[in-house]
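> Fold the stuff below for me.
(one chain, ligands or ions: 1)
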Amino acid sequence: MKTNLKIAIQKSGRLQEDSLRLLDECGIAIDNGRDQLKAKAINFPAEILFLRNSDIPQYLEDGVVDCAIIGENTLIEENSTASLVEKLGFSKCRLSIAVPKTSKVSSLADLDGMRIATSYSNTLSKFMVAAHIEAKTHHISGSVEIAPNIGLADAICDLVSSGSTLFKNNLKEVEVLLKSEAVLAKSPVITKEAQEILDKIQFRIQSVLKARNSRYVLMNVPNDKIDNIVKILPGMRSPTVLPLAQKGWSSIHTVINKGSFWEVIDALKAQGAEGILVVPIEKMVI
Ligand code: PRP
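Residues are numbered from 1 along each chain as shown. Below you'll find the model as predicted:
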């Protein structure tokens, strides 16, 4: 029977939309909606399983799914044996300890003897043991941020992304335990056939992520400034230089990291570059 790669993604939660978008950009389209537990890819040997986030590490461990798009924080909390295949660059967050703004606690050491509410008991306990701080962990599975307000705990340990949950609940961050983002992780018991399909997806993901982080740049430059401008451009390789119909001018094309463009724009203009275009790239296969 033909192997299908079983990919787990969140049934609900903040990773789901970006996970589906990434698969779509990798050319893996699914034919039914998110209300289903399982959906088959139309044009790729894969099945998408929509699972509860906290169940995904166990499914990976047992080989019920071959791989998953999941928060690295969840794998760490569950002490997962799944291995990280690729960091995906979205759903970036941190696991932090926070206290009420009115609290006298201002550092990790001040938490000695305090009660901390969290859904990340394992990660918190390990962190506290390593820091030689004795705090009492209260495990709760949701709405951790209200724990200090209702007198359940003196502090919380929870995920922080934009910081708006902390802000709305009058909490201040005192310590970052770890930084996390969405990752592609694979089962420790993945079969050879499934691994071959996973390799194909990983290659596609890398092409999509490289493209997301890059921009195609075109500009017109006077011929006597080509050498100077090429030195300024932080390109992948040597840029393409094409003659323009107008004598004495050329067009330079290159690919640069999207973050570095603004750093060099003034220098390019000072060298006489004109008509500068910065264009998004759909896929980048290197
Ligand atoms: C997480 C976390 C906080 C919130 C922080 O919950 O538990 O409540 O995100 O994000 P912010 O800094 O952008 O406000 P999430 O919405 O992922 O769902 P959960 O409560 O099920 O964990």
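> pLDDT at Val64, what is it?
Listed pLDDT for Val64 reads 97.
> so it touches Glu47, yeah?
No - between Val64 and Glu47 there is no contact under Cβ atoms under 8 Å: 11.4 Å. The way it works is simple: take the backbone N, C-alpha and C, and place the C-beta from them, glycine included.
> Spit out the residues that contact the two alike.
Residues touching both Val64 and Glu47 (Cβ atoms under 8 Å, 6 or more residues apart in numbering): Lys6.
> Next one: Met219, what pLDDT does it get?
Looking at Met219, the pLDDT reads 96.
> in what helix or strand does it lie?
strand 214-222 (DSSP states H and E).
> What residues sit buried inside that strand?
214-215, 217-221 (16 or more other Cβ atoms under 10 Å).
> Torsion angles phi and psi at Val99?
With angles defined as degrees, to the nearest 10, Val99 sits at phi -130, psi 160.
> domain ranges for the protein?
5-91+181-211, 93-180, 214-280 (automatic domain parsing).
> Check those for me: which has the lowest mean pLDDT.
domain 214-280 (a mean of 90).
> That domain: end-to-end distance?
7 Å (Cα to Cα, to the nearest Å).
> swap in stretch 8-27?
17 Å.
> Show me what counts as buried in that stretch.
For stretch 8-27, by 16+ other Cβ under 10 Å, it's 8-11, 14-16, 18-20, 22-23, 25-26.
> And for stretch 257-276?
So, applying 16+ other Cβ under 10 Å, buried residues of stretch 257-276: 258, 261, 264, 268, 271, 273.
> swap in stretch 183-193?
Buried-residue list, stretch 183-193, by 16+ other Cβ under 10 Å: 183-187, 190.
> cool, stretch 153-162 as well?
By neighbour count on 16+ other Cβ under 10 Å, the buried set for stretch 153-162 is 153-160.
> Stretch 134-145 now?
135, 137-138, 140, 144-145.
> any idea which of these is closest to Leu233?
Glu145 (46.4 Å; Cβ to Cβ).
> Which strands and helices lie in contact with the longest helix belonging to the chain?
Secondary structure of the chain per DSSP state H: the longest helix is helix 192-212. Helices and strands touching helix 192-212, by 3 or more Cβ pairs under 8 Å, 6 or more residues apart in numbering; DSSP states H and E, are strand 5-10, helix 16-25, strand 67-71, strand 83-87, strand 182-186.
> Any residues of the protein in contact with the ligand? List them.
The chain comes close to the ligand at residues 14, 142, 145, 158-165, as judged by Cβ under 6 Å from any ligand atom.
> switch to 5 Å and redo it
Counting by Cβ under 5 Å from any ligand atom, the chain comes close to the ligand at 14, 158-165.
> Which ones among the residues you listed lie within helices?
Those of the residues of the chain next to the ligand lying in helices (DSSP H): 164-165.
> can you name the two of the residues of the chain next to the ligand that are farthest apart?
Arg14 and Gly163 (14.7 Å).
> now the helices and strands packed on helix 192-212 as JSON lines including distance to Ile252?
What follows is the helices and strands packed on helix 192-212, written out as JSON lines (distance: least, Cβ to Cβ, whole Å):
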{"stretch": "strand 5-10", "distance to Ile252": "41"}
{"stretch": "helix 16-25", "distance to Ile252": "28"}
{"stretch": "strand 67-71", "distance to Ile252": "38"}
{"stretch": "strand 83-87", "distance to Ile252": "32"}
{"stretch": "strand 182-186", "distance to Ile252": "36"}
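> what sits against the closest residue to the ligand within the stretch 1-150 of the chain?
Relative to the ligand, the nearest point of the stretch 1-150 of the chain is Arg14 (4.8 Å; Cβ to the nearest ligand atom). Neighbouring residues of Arg14 by Cβ under 8 Å, 6+ apart: 91, 161.
> ok, it to Tyr59 distance?
Separation of Arg14 from Tyr59 (Cβ to Cβ, to the nearest Å): 19 Å.
> Val285 too?
From Val285 to Tyr59 the distance is 31 Å (Cβ to Cβ).
> Look at the two and report which has more neighbours.
Tyr59 (19 against 9; other Cβ atoms under 10 Å).
> Provide a list of residues in contact with the spatially closest residue to Thr118 that is not a sequence neighbour.
What sits nearest to Thr118 in space, not counting adjacent residues and going by Cβ to Cβ, 6 or more residues apart in numbering, is Cys157, at 3.8 Å. Applying Cβ under 8 Å, 6+ apart to Cys157 gives the contacts 95-98, 116-118, 120, 123-124, 144, 177.
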